[in-house]
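> my questions are about this predicted structure, shown below with the sequence.
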Amino acid sequence: MDFTSDINWFSIILGGFVFIGIPLLTFVGWIISGMLDNKRQEKMRVANDGLRQRGVTAQAVVISARDGMERSIYGRKERQIKYEVDVMPEGRMSFRLSFDHWTEKRGFTAVMGQLVGEVGRKIWVTFDPNDPSQMIFEHYHEEHGRIVQQQELEKRRFEFNKLVEMNNEIRRVGEEAEAFITRVEDLNLPYPLKGSRGLRLYFDVVPKSGAAFSSETHALILDTALVKYSEGKKVYVKFDPRKTERVALDSEKNRLLS
């Protein structure tokens, strides 16, 4: 038996495992960990959204903020804050309650177990009115105006998107026509990631046959194309002949306009 040959093969296999197998296992473990973390985060999001739908969001004042344990779940490091707060819901009696909040934020300093700068601070929480012990931390009071404004903007975008999506059906089955823009209403709905903004456009529509009529539509217009869709400009549209109030921009033909 050739022991030297056996040893060489063993060394090759061992070396291959070290240089290929271990990194591969690490990579697979990282992928699995990320998938499990995403699943956990989605479960928490659904639970919190459910609480927000049935719950009450209110301002609270921090009475105590004790430093809790730290944990690392699927590579995500979180810190526990054990809050005691006076909750002041609008139109309801104030009450005091303790709850735990897990955060990824860093930079806290604790003295005798209390987090420096937290006591007396105003925060916003959401709780179940039938079981106030179900409470979540929302944000600090100084962030409230910006967050409420962003939530309102997202709500308006959601409603606007539904109107814009309805235009796809009109583009598919509608009749072609020329139109002249009589008024442009800026809805103050920016879409920075798309370089666009939401507009309501009013038209005088001139179909190929039949009488002209007035109509309007909602459209997401590129910032660089705002001049093309300004008052007095001619554009191409499609409309539902059974319901002429249903009009959509003819995106394909309008690309040719300067």
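Received, thanks. Numbering: from 1, shown residues only.
> contacting residues for P132?
Residues near P132 by C-beta atoms under 8 Å, 6 or more residues apart in numbering: V87, F95, L97. For every residue, glycine as well, the C-beta is placed using N, CA and C.
> okay, these in JSON lines with distance to I63 and secondary structure next?
Converted to JSON lines, those look like this (distance: C-beta to C-beta, whole Å; DSSP: H, G, I helix; E, B strand; the rest coil):
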{"residue": "V87", "distance to I63": "10", "secondary structure": "strand"}
{"residue": "F95", "distance to I63": "12", "secondary structure": "strand"}
{"residue": "L97", "distance to I63": "10", "secondary structure": "strand"}
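> mind giving me the ChimeraX command for buried ones among these?
Selecting only the buried entries of the contacts of P132 in ChimeraX, with 16 or more other C-beta atoms under 10 Å as the criterion:
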select :87,97
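> need the contacts of P132 in JSON lines with pLDDT and distance to I123, can you?
Formatted as JSON lines, those follow (pLDDT from 0 to 100; distance: C-beta to C-beta, whole Å):
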{"residue": "V87", "pLDDT": "97", "distance to I123": "10"}
{"residue": "F95", "pLDDT": "96", "distance to I123": "15"}
{"residue": "L97", "pLDDT": "96", "distance to I123": "12"}
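> which element follows the helix or strand hosting R246 toward the C-terminus?
Element membership for R246, per DSSP states H and E: strand 243-249. Using DSSP H and E, the helix or strand that follows strand 243-249 in sequence is helix 251-254.
> mean confidence score for that following helix?
In this model, helix 251-254 has an average pLDDT of 89.
> and that helix, how far out from the chain's middle?
How far helix 251-254 lies from its chain's middle: 30 Å, per C-alpha atoms, centre = their mean, to the nearest Å.
> that one packs against which elements?
Counting contacts by 3 or more C-beta pairs under 8 Å, 6 or more residues apart in numbering; DSSP states H and E, helix 251-254 is packed against strand 234-240.
> partners of the strand it packs on in the sheet?
Here strand 234-240 has these sheet partners by DSSP bridges: strand 175-191 (antiparallel), strand 243-249 (antiparallel).
> mean neighbour count, those: which tops it?
Mean neighbour count (mean count of other C-beta atoms under 10 Å) peaks for strand 243-249 among the strands paired with strand 234-240, with a mean of 18.
> dump the residue contacts of the residue lying closest to A212 once chain neighbours are set aside.
In this structure, A212 finds its nearest non-sequential neighbour in V206, 4.9 Å apart by C-beta to C-beta, 6 or more residues apart in numbering. The contact partners of V206, taken as C-beta under 8 Å, 6+ apart, are A177, E178, A179, F180, A212.
> next, V206: secondary structure please.
State at V206, reduced to three classes by DSSP: H, G, I helix; E, B strand; the rest coil: strand.
> so what's it bridging to?
Here V206, judged by DSSP bridges, has bridge partners E178.
> tell me the predicted confidence for it.
The model reports V206 with a pLDDT of 94.
> over to E70?
E70 is given a pLDDT of 84.
> likewise M93?
In this prediction M93 is given a pLDDT of 93.
> weakest of the strands paired with strand 234-240 in terms of mean pLDDT?
strand 243-249 (a mean of 90).
> and the most centrally placed residue in the chain, helix, strand or coil?
Centroid-nearest residue in the chain: E154, 7.8 Å away (criterion: C-alpha atoms, centre = their mean). Of the three states, E154 takes helix under three-state DSSP.
> how close does it get to R54?
E154 sits 20 Å away from R54, going by C-beta to C-beta, to the nearest Å.
> who's in contact with the residue nearest to Y229 when sequence neighbours are not counted?
Computed as C-beta to C-beta, 6+ apart, the closest residue to Y229 that is not its neighbour in sequence is I221, at 5.3 Å. Contact analysis of I221 by C-beta under 8 Å, 6+ apart lists S196, R197, G198, L199, Y229.
> return the set of residues that bridge with I221.
Applying DSSP bridges, one finds that I221 bridges with R197.
> renumber starting at 46 from here on
Sure thing, new numbering starts at 46, so read that last one as I266.
> remind me which helix or strand E210 belongs to.
helix 189-218.
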